[in-house]
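S.K.: kindly return the folded structure for what I paste below:
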Amino acid sequence: MSVSVLDLESQSVHQWQVHKLRGEEVLLKAWVESQGQYVITARWPQGHDFYRPSKGVYDPLLLAESVRQAVPLLSHAVHGVPREYKQAWENFSFSVEPLAALVATTEEEVRLVVSCSDVVRRGARFAGMTMDTEVHLGERLMGTARTRFNNQPAAIYRRLRGSYADIGAALAHCLPPGPPVEPHLVDRVSPDDVVLSPDPAGVPGQWRLRVDPGHPVLFDHAVDHVPGMLLLEAARQAAHAVGDGDSVVTGMKTDFVRYVEFDAPASVLAAEPVRDRAGRRRVDVSIEQRGVRVFSAEVTVEPAIGL
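M.R.: Numbers count the residues shown, from 1 in each chain. The predicted structure follows:
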């Protein structure tokens, strides 16, 4: 789709619409409805503090965070959802083309083209929908994403979460972050950005989820549970940890089964990579808490050779 937001009467994205306190974390700039779709322009800083390019390509989770920001944006701007309502991922998947994600010498326009389906309403209230998104980087189709999310009024969310709905109390009971694994094992530079801790029992392919509420990007604002983007980061890091280190993540299929709480250890488990005929490796990753699976992901990893 070649339409540009600049060719139509667009609306600016307000910081509160994407649920960010730090202005530098707002990736989306403007949006417009066109031919039954929503076209959203975004800016991807090449020097982002957390989602840094690796092996010459943009961080695929920059795509994921852009789609995540589109969830509350369209909820508030299109469906009139009040600020205090809560949106939650049910599932999320994406796929990127590494050669189309190469970082150019200058910043390129990022454009999300979003198609919405399976819209659910409870009476007059918007209750959730499915979003299919094409992500264009300059003139290239860099990737696609699909997500299903629900939308809950504050009162229903409080009943659903019970005592965990108190953000202050939830954070006060957060377990201290454990020691990080070596950053280079999970394609990270700083230990502050590592979300895996060594497994206390030393089980291969298993780690403890490392949650640091002081992280300026993953915890841009206070929340009552482990953020979804941190779970995606854990899946990505686990896939790197069981790989050969010279690879890039090019896709994920995830299910958010339950909220991941702060007050109990969570285990991250990764199976051995399985190679397909195209040379891609797929790694099954799951997160368990209190003996129950709370999140699962299939992570696709491809060789970085030639990028």
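S.K.: show me the contact partners of the lowest-mean-pLDDT helix or strand in the chain.
M.R.: Sorting the helices and strands of the chain by mean pLDDT, DSSP states H and E puts strand 274-275 at the bottom, at a mean of 92. Identification of contacts with strand 274-275 by CB atoms under 8 Å, 6 or more residues apart in numbering yields 281-283. For glycine as for every other residue, the C-beta is placed from the backbone atoms N, C-alpha and C.
S.K.: show me what secondary structure element comes after that strand.
M.R.: strand 281-289 (DSSP states H and E).
S.K.: tell me which residue is most central in this protein.
M.R.: residue 229 (3.8 Å; CA atoms, centre = their mean).
S.K.: that residue is in what secondary structure piece?
M.R.: helix 228-241.
S.K.: buried stuff in that helix?
M.R.: Within helix 228-241, the residues scored as buried using 16 or more other CB atoms under 10 Å are 228-241.
S.K.: and if you look at stretch 278-291?
M.R.: 280-289.
S.K.: distance of the closest residue to residue 50 other than its chain neighbours from residue 261?
M.R.: Using CB to CB, 6 or more residues apart in numbering and skipping residues adjacent in sequence, the residue nearest residue 50 is residue 217, 4.0 Å away. Distance of residue 217 to residue 261, computed by CB to CB, to the nearest Å: 21 Å.
S.K.: on that earlier part again, arrange the buried residues of helix 228-241 in CSV, one row each, with distance to residue 109 and pLDDT as further columns.
M.R.: Compiled in CSV, the buried residues of helix 228-241 are given as follows (distance: CB to CB, whole Å; pLDDT from 0 to 100):
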residue, distance to residue 109, pLDDT
228, 26, 98
229, 23, 98
230, 28, 98
231, 29, 98
232, 24, 98
233, 26, 98
234, 31, 98
235, 29, 98
236, 25, 97
237, 30, 97
238, 33, 97
239, 30, 96
240, 29, 95
241, 34, 95
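S.K.: redo those residues as CSV? Include distance to residue 156.
M.R.: Output for the buried residues of helix 228-241, formatted as CSV (distance: CB to CB, whole Å):
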residue, distance to residue 156
228, 19
229, 23
230, 24
231, 23
232, 26
233, 28
234, 28
235, 29
236, 32
237, 33
238, 33
239, 35
240, 38
241, 38
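S.K.: now, which of the residues you listed sits nearest residue 159?
M.R.: The closest of the buried residues of helix 228-241 to residue 159 turns out to be residue 228 (CB to CB; 21.1 Å).
S.K.: pretty sure that closest one sits against residue 67.
M.R.: No: the pair residue 228 / residue 67 is not scored as a contact, 10.9 Å apart, by CB atoms under 8 Å.
S.K.: hey, what's in contact with both of those two?
M.R.: Joint contacts of residue 228 and residue 67 (CB under 8 Å, 6+ apart) are residue 92.
S.K.: show me what contacts residue 300?
M.R.: 95, 249-252, 280-282.
S.K.: identify the farthest-apart pair in the residues you listed.
M.R.: Farthest pair in the contacts of residue 300, by CB to CB: 95 and 281, 14.5 Å.
S.K.: name the helices or strands packed onto the top helix by length along the chain?
M.R.: In the chain, assigned by DSSP state H, the helix with the most residues is helix 60-77. Judged by 3 or more CB pairs under 8 Å, 6 or more residues apart in numbering; DSSP states H and E, helix 60-77 is in contact with strand 28-34, strand 37-42, strand 86-96, strand 110-122, strand 125-137, strand 140-152, helix 228-241, strand 247-256.
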